[in-house]
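**Q** this one's structure only:
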């Protein structure tokens, strides 16, 4: 079981700038919890996401001496990937590829064919630099634009990624529109069809839907889940203002109930929760 903590996703939409020292302190607390991966920052235009303009400075302040947690940075283009790849501390480079043409244009100012071409260049870069590319299939469970979506469409995208030898694919419920009837069949179809790919679930939920979504993905064989303490962040385009990131504390509770070992340190998790409360004011 791999839990990926996503403070980058939690912080990026906040308009009030979080001081660099505060970010460093919070991320260092998260590094002591035992998460498999920390989605800690991004190398994108500071005009697009001003909150994360200090990612390089934050990285320089992280204490990686006592952690097994790996670092993931999100990028929007090859230039960002080249910047991320230059840091030996970063193991994973993440790129959002949308199943929806409309969202791909809005999110990265590229068509899907353009994004796939750039993704291929990123994969070559990652292979040369010893990094692992993580592809997030945004709008992986449907979209609000009327763009084509079906399990077969997602499978076709995944086949394209498999042909590039992409090894980690996270299905992203960008607007929180998924439900068990879409989640479970999709994972059940993809996991056996692409045995070389590790599939993850990046689910956006409400306080009343999180459990059924986690259960659907877990029952279908998914063993990689993204979350954010407090459920902070998510997609501002979601129809319901209660829709946010999957609360990590809920993931921990669910996997404890089903007897799944997460490897997290309870004391470290408590301390990180307290730190999150001071950063995000909950």
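**A** Nice, thanks for sending it over. What you see is a predicted model; the values in this text were computed from it and never measured.
**Q** any residues touching the longest helix belonging to the chain, and which ones?
**A** Ranked by number of residues, the top helix in the chain under DSSP state H is helix 112-129. With contact meaning CB atoms under 8 Å, 6 or more residues apart in numbering, helix 112-129 is reached by 75, 77-78, 81-82, 85, 93, 95, 97-98, 101, 104, 108, 110, 131-133, 135, 160-161, 164-166. For every residue, glycine as well, the C-beta is placed using N, CA and C.
**Q** tell me the mean pLDDT over the helix or strand that it is followed by?
**A** Downstream of helix 112-129, the first helix or strand assigned by DSSP states H and E is strand 132-138. The predicted model assigns strand 132-138 a mean pLDDT of 98.
**Q** got it, and stretch 231-247?
**A** Averaging pLDDT along stretch 231-247 gives 74.
**Q** got it, and stretch 218-225?
**A** Stretch 218-225 carries an average pLDDT of 99.
**Q** list phi and psi for residue 202.
**A** Per-residue torsions, residue 202: phi -110, psi 90 (degrees, to the nearest 10).
**Q** OK, contacts around residue 44?
**A** By CB under 8 Å, 6+ apart, the contact set of residue 44 is 52, 74, 75, 76, 80.
**Q** again, only this time at 7 Å
**A** Applying CB atoms under 7 Å, 6 or more residues apart in numbering to residue 44 gives the contacts 75, 76, 80.
**Q** which of those residues fall in helices?
**A** Short answer: these in helices (DSSP H) are residue 80.
**Q** where are the low-confidence patches of the stretch 101-250 of the chain?
**A** Low-confidence segments of the stretch 101-250 of the chain (pLDDT under 70): 235-242.
**Q** in it, mark out all the strands, start to finish.
**A** Along the stretch 101-250 of the chain, counting by DSSP state E, counting those that start in this stretch, strands occupy 132-138, 168-172, 198-202, 204-205, 224-227, 244-245.
**Q** contacts for the first one next, please.
**A** This means strand 132-138. Contact with strand 132-138 is made by 72, 91-99, 103, 107, 119, 122-123, 126, 154, 157, 161, 166-172, 174, 202, as judged by CB under 7 Å, 6+ apart.
**Q** check the second one too.
**A** Contacts of strand 168-172 from elsewhere in the structure, counted by CB under 7 Å, 6+ apart, are 132, 134-138, 140-141, 158, 161, 186, 197-202, 226.
**Q** count of neighbours near residue 90?
**A** The tally of other residues near residue 90 (other CB atoms under 10 Å) stands at 22.
**Q** could you do residue 223 as well?
**A** Neighbours of residue 223 under the rule other CB under 10 Å: 16.
**Q** nearest to residue 12, of the strands of the stretch 101-250 of the chain?
**A** Evaluated over the strands of the stretch 101-250 of the chain, closeness to residue 12 peaks at strand 244-245, with 10.9 Å, by CB to CB.
**Q** paired strands for the closest one, with orientation please.
**A** With DSSP bridges as the test, strand 244-245 is paired with strand 204-205 (antiparallel).
**Q** list of residues touching the partner strand?
**A** Strand 204-205 has contacts (CB under 7 Å, 6+ apart) with 173, 174, 175, 176, 213, 234, 235, 238, 243, 244, 245, 246.
**Q** can you select the buried ones from the contacts of helix 112-129 in PyMOL?
**A** Buried residues among the contacts of helix 112-129 (16 or more other CB atoms under 10 Å), as a PyMOL selection:
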select buried, resi 75+77+78+81+82+85+93+95+97+98+101+104+108+110+131+132+133+135+160+161+164+166
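**Q** in the longest helix of the chain, which residues are buried?
**A** Using 16+ other CB under 10 Å as the test for burial, helix 112-129 gives 112, 115, 116, 118, 119, 120, 122, 123, 125, 126, 129.
**Q** so how far is residue 122 from the last one?
**A** This points to residue 129. 10 Å (CB to CB, to the nearest Å).
**Q** does residue 271 touch residue 29 like I think?
**A** Yes. Using CB atoms under 7 Å, residue 271 makes contact with residue 29 at a distance of 5.6 Å.
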